[in-house]
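Undergrad: attaching a predicted model along with its sequence, questions to come.
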Amino acid sequence: MGHIVLLGDSIFDNGAYTRGQPDVIAHLRSMLPERWQATLLAVDGATTARLKPQLERVPTDATHLVVAIGGNDALGHVDLLSLPVKSTAEALAIFGERVGKFEADYRRAVAPVFTSGRPVTLCTIYNGDLQDRTQAAAARVALMMFNDAIVRTALEHGAGLVDLRLVCTQPADYANPIEPSGQGGRKIAARIAAAVGVRAPEAVR
């Protein structure tokens with residue numbers, strides 16, 4: 001018997017956006033074997049600074065922790081997409097400073113997760129469904145830098161990793177430019193189930 005706890009932001013807490021379709025936690029519960037549980041502690045709009053209160057509510061019988069946090073922190077740097085610079089070197093220096101702060105905040109937020117003694121899975125930030133192609137292309141490149149911090153954190157701690165950029169790949173996976181739809185939520189739930197070793201139904205492609 002297992003008990004999966006979802007921590008983070010609206011990547012998991014997407015019920016307000018699915019227009020009556022099942023959200024991530026509902027999909028996940030439907031995929032779990034008998035006597036397994038799934039608890040949603042993620043909060044829509046949460047940043048890395050707001051992960052600690054969620055961790056304080058993790059049930060004592062939790063067996064797996066899955067974290068998707070950082071997207072709202074990255075949104076706070078959306079000005080990087082239109083910031084005027086004089087050279088590529090200046091742009092990279094600015095990105096380096098911002099991403100460095102993000103990485104410090106992210107590592108500080110998830111550090112307690114790795115001391116819980118439970119298996120941990122981290123999720124990257126997906127690309128979203130931005131309608132402006134030029135902006136979408138720039139955002140993808142920018143997110144590579146932020147996601148690099150997440151990937152390296154997972155690898156350094158021997159944690160599981162779900163790269164959501166490879167999961168939510170179609171416009172129908174999103175309810176709006178940055179929130180997962182019912183379809184996207186099902187894909188995410190299936191990857192979570194697989195990450196903790198549960199055989200789940202094939203995700204919608």
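TA: Ah, there it is.
Undergrad: from residue 16, how far out is residue 118?
TA: In this view, residue 118 and residue 16 are 28 Å apart by C-beta to C-beta, to the nearest Å. Heads up, the C-betas are built off the backbone N, CA and C, glycines and all.
Undergrad: residue 89 too?
TA: Distance from residue 89 to residue 16, counting by C-beta to C-beta: 42 Å.
Undergrad: likewise residue 167?
TA: With distances defined as C-beta to C-beta, the gap from residue 167 to residue 16 amounts to 20 Å.
Undergrad: the more surrounded of the two?
TA: More neighbours sit around residue 167 than around the other of residue 167 and residue 16, counting by other C-beta atoms under 10 Å; the figures are 20 against 11.
Undergrad: across the sheet, point out what pairs with the residue nearest to the spatial centre of the chain.
TA: Geometric centre of the chain, nearest residue: residue 68, 2.9 Å, by C-alpha atoms, centre = their mean. For residue 68, the beta-bridge partners are residue 8 (DSSP bridges).
Undergrad: residues contacting it?
TA: With contacts taken as C-beta atoms under 8 Å, 6 or more residues apart in numbering, residue 68 has the following neighbours: 6, 7, 8, 9, 11, 12, 42, 122, 123, 164.
Undergrad: element containing residue 35, please.
TA: Mapping residue 35 onto the secondary structure by DSSP states H and E places it in no helix or strand at all.
Undergrad: now do residue 66
TA: Assigned by DSSP H and E, residue 66 falls within strand 64-68.
Undergrad: in that strand, what counts as buried?
TA: Buried positions in strand 64-68, judged by neighbour count with 16 or more other C-beta atoms under 10 Å: 64, 65, 66, 67, 68.
Undergrad: ok, now stretch 116-132?
TA: Counting neighbours by 16+ other C-beta under 10 Å, stretch 116-132 gives 119, 120, 121, 122, 123, 124, 125, 126, 127, 128, 129, 130 as buried.
Undergrad: I'd say the first one and residue 64 touch.
TA: Translated: residue 119. Yes - A contact is recorded between residue 119 and residue 64 when judged using C-beta atoms under 8 Å, the distance being 5.2 Å.
Undergrad: identify the contacts common to these two.
TA: Between them, residue 119 and residue 64 share the neighbouring residues residue 196, with contact defined by C-beta under 8 Å, 6+ apart.
Undergrad: ok, back up a step: out of the contacts of residue 68, the closest to residue 36 would be?
TA: Ranking the contacts of residue 68 by separation from residue 36, with C-beta to C-beta as the measure, puts residue 6 on top at 13.4 Å.
Undergrad: picking up where we left off before, farthest-apart pair in the buried residues of stretch 116-132, please.
TA: Based on C-beta to C-beta, the longest span within the buried residues of stretch 116-132 runs between 119 and 130 and measures 33.5 Å.
Undergrad: ok so, going back, distance to residue 27 added to the contacts of residue 68, as JSON lines?
TA: Written out in JSON lines, the entries for the contacts of residue 68 read as follows (distance: C-beta to C-beta, whole Å):
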{"residue": "6", "distance to residue 27": "11"}
{"residue": "7", "distance to residue 27": "17"}
{"residue": "8", "distance to residue 27": "16"}
{"residue": "9", "distance to residue 27": "17"}
{"residue": "11", "distance to residue 27": "13"}
{"residue": "12", "distance to residue 27": "11"}
{"residue": "42", "distance to residue 27": "14"}
{"residue": "122", "distance to residue 27": "20"}
{"residue": "123", "distance to residue 27": "15"}
{"residue": "164", "distance to residue 27": "15"}
